[in-house]
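Student: here you go, sequence then predicted model.
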Amino acid sequence: MGAAGTARASALWRTGAGVLVLTAVAALLSLSMGSTGWAWPWPLSEGDPMLQHILLEIRAPRTVGAWLAGALLGLSGALAQGLFRNPLADPYLLGSSSGAAMGVAVSMVTFGWSPVGAGWLGQLGLTGAAFIGSVGAVLMTISLAKGVVHTLRLLLAGVVVGVVLGACSAMTMLLVPDIMRPMQAFMLGTTGFLSWSAAALMAPVLLCCLLVALGGARALDALSLGEAVARSLGLPLGLVRTALVLALALATATAVAQAGLISFVGLVAPHLVRGRVVVTHGPLLALSAAVGGLLLLLADTAARWWWAPQELPVGVLTAVMGGSYLLWRMHRS
């Protein structure tokens, strides 16, 4: 390894360590943030069953769940940008998040599932319905774009599919007003419904999707050099694309089913990683997941603090923060 390679490896390790430290600090802040303001959690919870319940059954699962949901979105964003070779690609532009929301709405109407107090069966059913809707939306986008070669056509098709499915979700809410309140929370994005069962569901999904993504990292590196180069290396592009699209859809669907439509996390996280260190897709995918978890955890803490004791929808806050960041990057470049 030459001097340049050593410098890149050193920057990669420093970046990873920095993300871990910041995540630990963000988790501590999240555990310390309550409806009455900031308070160090552990001394307050000693000897008080009520405070212990609040810490262990409300703040802790929300902290873990927010990080997992953000990690799923960060991973899906990095997958979308690598798979479609476009830095503006994210689950929203490809329609998968709108499809996942449509699946959640249909499951609420058909089976009566709700994220509020849902047990294992309800959480699994919501995630399965969101996955079906997400995969269907992505396949519809690719079909309308006639493949993934023409990125402009792909993005336009994704926008169309997202708008249509979003309108269908809104129409479903109007036809069945009983689901309007939980679906409104989904549309704005919220971590208030997260529980230990939701975190236990998201954790293995994140692990499986990350393993599939890392398995296709070499193909993504080759695709970044062009379709012809990737084919000349003898890579099974059809199989790899299918596996990565399914991983993207599953990661997006799981995050949406548990936390709603949270924008810009999947788009911004890979950009933050690339802005800090030059990496291939293997480290990029892992770091994007970690940065996505960190971003959503910080945003969730800020959303609870901003208007305490009321909460600002975390999806609104991530949209403002993510949009401002991208505008700043555009201004600088």
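Tutor: Arrived safely, thanks for sending. Numbers count the residues shown, from 1 in each chain.

Student: and the helix or strand harbouring Leu220, what's buried?
Tutor: Using DSSP states H and E, Leu220 sits within helix 217-223. Under the neighbour-count criterion of 16 or more other C-beta atoms under 10 Å, helix 217-223 has 217-223 buried. From N, CA and C alone the C-beta is placed, and that goes for glycine too.

Student: which other residues reach that helix?
Tutor: Residues from elsewhere that reach helix 217-223 (C-beta atoms under 8 Å, 6 or more residues apart in numbering): 82-83, 85, 229-230, 233, 235, 237, 240, 244, 280-282, 285.

Student: now do the SS call for the spatially closest residue to Ser224 that is not a sequence neighbour.
Tutor: Once flanking residues are discounted, Ser224 sits nearest to Arg85: 6.4 Å by C-beta to C-beta, 6 or more residues apart in numbering. Following DSSP: H, G, I helix; E, B strand; the rest coil, Arg85 is assigned to coil.

Student: the one 5 residues further on too?
Tutor: The three-state label given to Asp90 by three-state DSSP is coil.

Student: what about it, how many neighbours?
Tutor: Applying other C-beta atoms under 10 Å, we find 29 residues neighbouring Asp90.

Student: in terms of pLDDT, where does Ser35 sit?
Tutor: Looking at Ser35, its pLDDT reads 65.

Student: for Pro91, same thing?
Tutor: For Pro91, pLDDT reads 76.

Student: against Val19, how distant is it?
Tutor: 21 Å (C-beta to C-beta, to the nearest Å).

Student: look at these two and report which has more neighbours.
Tutor: Neighbour comparison, Pro91 and Val19: the larger count goes to Pro91, with 35 against 19 (by other C-beta under 10 Å).

Student: my guess is the more buried one meets Ala101, correct?
Tutor: No: look at Pro91 against Ala101 with C-beta atoms under 8 Å: they stay out of range, at 10.9 Å.

Student: leaving out sequence neighbours, find the closest residue to Leu237.
Tutor: Leaving aside its chain neighbours, Leu237 sits nearest to Ala230 (5.9 Å; criterion: C-beta to C-beta, 6+ apart).

Student: okay, now the one you found: neighbour count?
Tutor: Neighbours of Ala230 under the rule other C-beta under 10 Å: 19.

Student: backbone dihedrals for it, both of them.
Tutor: Per-residue torsions, Ala230: phi -60, psi -40 (degrees, to the nearest 10).

Student: which intervals of this structure have sub-threshold pLDDT?
Tutor: Applying pLDDT under 70 to the chain flags residues 1-5, 34-48, 113-123, 148-151, 308, 333.

Student: now the helices: where do they sit in the stretch 1-150 of the chain?
Tutor: Chain-ordered helices for the stretch 1-150 of the chain, with DSSP state H, counting those that start in this stretch as the definition, fall at 3-32, 41-45, 49-54, 60-83, 96-111, 120-145.

Student: so which residues of the stretch 201-333 of the chain form strands?
Tutor: Applying DSSP state E, counting those that start in this stretch to the stretch 201-333 of the chain gives no strands.

Student: which parts of it are helices?
Tutor: Taking DSSP H, counting those that start in this stretch as the criterion, the stretch 201-333 of the chain carries its helices at 217-223, 227-232, 237-259, 265-276, 281-306, 314-332.

Student: out of the ones you listed, which gets nearest to Met187?
Tutor: Nearest of the helices of the stretch 201-333 of the chain to Met187, taken as C-beta to C-beta: helix 314-332 at 7.8 Å.

Student: who does that closest one touch, helix- and strand-wise?
Tutor: Here helix 314-332 touches helix 180-188, helix 265-276, helix 281-306, going by 3 or more C-beta pairs under 8 Å, 6 or more residues apart in numbering; DSSP states H and E.

Student: make JSON lines out of the buried residues of helix 217-223 and add distance to Pro309.
Tutor: Formatted as JSON lines, the buried residues of helix 217-223 follow (distance: C-beta to C-beta, whole Å):
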{"residue": "Ala217", "distance to Pro309": "44"}
{"residue": "Arg218", "distance to Pro309": "50"}
{"residue": "Ala219", "distance to Pro309": "49"}
{"residue": "Leu220", "distance to Pro309": "45"}
{"residue": "Asp221", "distance to Pro309": "48"}
{"residue": "Ala222", "distance to Pro309": "52"}
{"residue": "Leu223", "distance to Pro309": "49"}
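
Student: nearest to Leu294 among those?
Tutor: For the buried residues of helix 217-223, the residue nearest Leu294 by C-beta to C-beta is Ala217; the value is 21.2 Å.

Student: against Ala269, how distant is that closest one?
Tutor: 16 Å.

Student: likewise for Gly16?
Tutor: According to C-beta to C-beta, Gly16 stands 14 Å off from Ala269.

Student: and Leu295, by the same measure?
Tutor: Per C-beta to C-beta, Leu295 is found 6 Å from Ala269.

Student: shared neighbours of those two, anything?
Tutor: Common neighbours of Leu295 and Ala269 (criterion: C-beta under 8 Å, 6+ apart): 70, 74.
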